[in-house]
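Engineer: quick one, what's the 3D model for this:
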Amino acid sequence: FEYTTEQVERYVIDPELSRAIAWKYDKRILPAIFFMCKFHLFACVCHQYSRSSQTGTLEKDLHMKGNQYNNVITITTAAYSAFCIFGGLLTRRFGPTRMLPLYMLGCGSMSVLNAAARNYKDIMVIRFFLGMAEGLFMSSGVVYLASIYTRGELGKRMAIWYSASAVSGAFSGLLAYGVFHIHSALAGWKILLMIQGGMTIVAALLAAWVLPNGPQHAVFLTPLEKEVAVMRYASKHIDAPFSCSEFFAPLYEWKFYVLAAFGVCYGTSSITANTFLPQIIQRFNFGTVKTNLYTVAPNIAATLFLWACAWASDRARQRSFFVILSMSLSLVGYVVLAALPISALGAAYFACFLISMGSFVPSPLFHSWHNNNEPSENGRAFRAGFYVLTGNSGGLVSANIFLDSDAPKYMHALIISASLQLIGMCLVLGIRTHMVLENRRRNREQGVKWTNRDVPTADLKEGPDSPGFRYFL
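Structural biologist: Just a heads-up that it's a prediction; the model follows:
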């Protein structure tokens, strides 16, 4: 599947056939992607089970003291961040059908091994490798989806990928609620990790034969559909060889660093909602079981809000507006929690909803946004890995501001989280303003009134270097 620029320009894609191809992708790929991410997150401490385990007996059983639990989260996050870029690189080199299940298998295995940890040193080593597998997996998933769907389709599909985090959060709370009711010689947190790890291993083995490496390898598409699918992707050669210069090209763009800084801002809130929500809810003086149960509703609300924003984002062909909207909800939630006394239960619990709803939206829409404006496969792989790195680096901030010494109000953590949300909103608004002005300049010079809907396929392939390109806002 290799085409000249002239062939791409002349090729007319039937809209009905394009929608039929997207529907076939959805039926085959989205369920697999959703459950892969869901079970993968079950096995990953930083995003799921540490919340439930910390409110159980994990710290006591492993003889952890002071802020050692925060150190465990920090080492997991550091490993995750360090290996994000390599995930996209290895997946581009060896293919998603090999690498994604392999990364999942690593997560599941480490989760099961985690149940065998006997002390603080054991869990630090195990969770380093767990973070490594998680970083490899998440960055690869972003690259994979961007290679399958078009600009206008990517938002909803990326949201389904990332909504697995919120769904897993809700299910994890329910699972922990049930597990901590079990009367067993084995600690509840060990049972929880073994269940989560076992489910992840099974999902990894099933995923190996479900995912195609790309449209040209999709056995569920006809030859004509494969051709159209490649043209939808608007790539001269969809299996483009790895190019070191293309891979690192984003490093020479100023916008790359602004968006990398934004990743830390939204990542702090995202990790907070994933990891520290039970600790925040503990300010209500609920017991261990009830605290985990009360995390379910905010996660369900966050999932529904994420899907609504993703649908509206694809329909309006806008990413940055909905990112800013969602971050404003989290900002309000942090401010409300910081302002209210510990005794205010109803309003404070509502603020937990706002934090969760606002924290899950930025990541999928942000990754859709930068992929929408990057034409190179190699450039996408580097951006995805690096932005997942910076987003998860927010976990380093989150893990070191929610300290036991600040419990139960966590005033410093709430103030820092709110400040980062505000900074992130300003960064996105700045980049959006630049893109709006650049689109207007191009329209003025060419004497047209194009939006990102009007960009010819060939100009999408060339990216911002083409005068006909318009930024996806």
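Engineer: how far does the helix or strand hosting Thr76 sit from its chain's centre?
Structural biologist: Assigned by DSSP states H and E, Thr76 belongs to helix 68-94. Distance of helix 68-94 from its chain centroid, counting by C-alpha atoms, centre = their mean, to the nearest Å, is 13 Å.
Engineer: report the buried residues of that helix.
Structural biologist: 69-81, 83-85, 87-92 (16 or more other C-beta atoms under 10 Å). Placement of C-beta: from N, CA and C, glycine included.
Engineer: how many neighbours does Thr222 have?
Structural biologist: Neighbour count of Thr222, defined by other C-beta atoms under 10 Å: 12.
Engineer: just to revisit the earlier point, now the element after the helix holding Thr76, going C-ward?
Structural biologist: helix 96-114.
Engineer: put the alpha carbons of that next one into CSV.
Structural biologist: What follows is helix 96-114, C-alpha atoms only, in CSV (Å, rounded to 0.1, in the frame of the first residue of the first chain):
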residue,chain,number,x,y,z
PRO,A,96,1.0,-4.0,18.4
THR,A,97,-0.2,-7.6,18.2
ARG,A,98,3.0,-8.8,19.8
MET,A,99,3.9,-6.0,22.1
LEU,A,100,0.6,-4.9,23.7
PRO,A,101,-0.3,-8.4,25.0
LEU,A,102,3.4,-8.8,26.1
TYR,A,103,3.2,-5.6,28.2
MET,A,104,-0.1,-6.7,29.7
LEU,A,105,1.4,-10.1,30.6
GLY,A,106,4.1,-8.2,32.5
CYS,A,107,1.6,-6.2,34.4
GLY,A,108,-0.5,-9.2,35.4
SER,A,109,2.6,-11.2,36.4
MET,A,110,3.9,-8.4,38.6
SER,A,111,0.5,-8.0,40.2
VAL,A,112,0.5,-11.6,41.2
LEU,A,113,4.1,-11.4,42.5
ASN,A,114,3.1,-8.3,44.5
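Engineer: what about that helix, distance to the chain center?
Structural biologist: Using C-alpha atoms, centre = their mean, the offset of helix 96-114 from its chain centre is 17 Å.
Engineer: remind me what that helix packs against, helices and strands.
Structural biologist: Under the contact definition 3 or more C-beta pairs under 8 Å, 6 or more residues apart in numbering; DSSP states H and E, helix 96-114 sits against helix 15-42, helix 68-94, helix 120-146, helix 188-207.
Engineer: closest to Ile423 out of the ones you listed?
Structural biologist: Nearest of the helices and strands packed on helix 96-114 to Ile423, taken as C-beta to C-beta: helix 68-94 at 19.4 Å.
Engineer: tell me the mean pLDDT over the closest one?
Structural biologist: The average of the pLDDT scores along helix 68-94 is 80.
Engineer: following the chain onward from the lowest-mean-pLDDT helix or strand in the chain, which element is next?
Structural biologist: When the helices and strands of the chain are scored by mean pLDDT, DSSP states H and E, helix 49-54 comes last with a mean of 44. Toward the C-terminus, helix 49-54 is succeeded by helix 58-61 as the next helix or strand (DSSP H and E).
Engineer: surely Pro212 meets Val219?
Structural biologist: Yes - at 6.9 Å, Pro212 counts as touching Val219 under the criterion of C-beta atoms under 8 Å.
Engineer: higher neighbour count, those two?
Structural biologist: Remark: of Pro212 and Val219, Pro212 carries more neighbours, 19 against 7, as counted by other C-beta under 10 Å.
Engineer: what pLDDT does the more buried one get?
Structural biologist: 80.
Engineer: what separates it from Lys27, distance-wise?
Structural biologist: 13 Å (C-beta to C-beta, to the nearest Å).
Engineer: what's the answer for Ile85, then?
Structural biologist: From Ile85 to Lys27 the distance is 32 Å (C-beta to C-beta).
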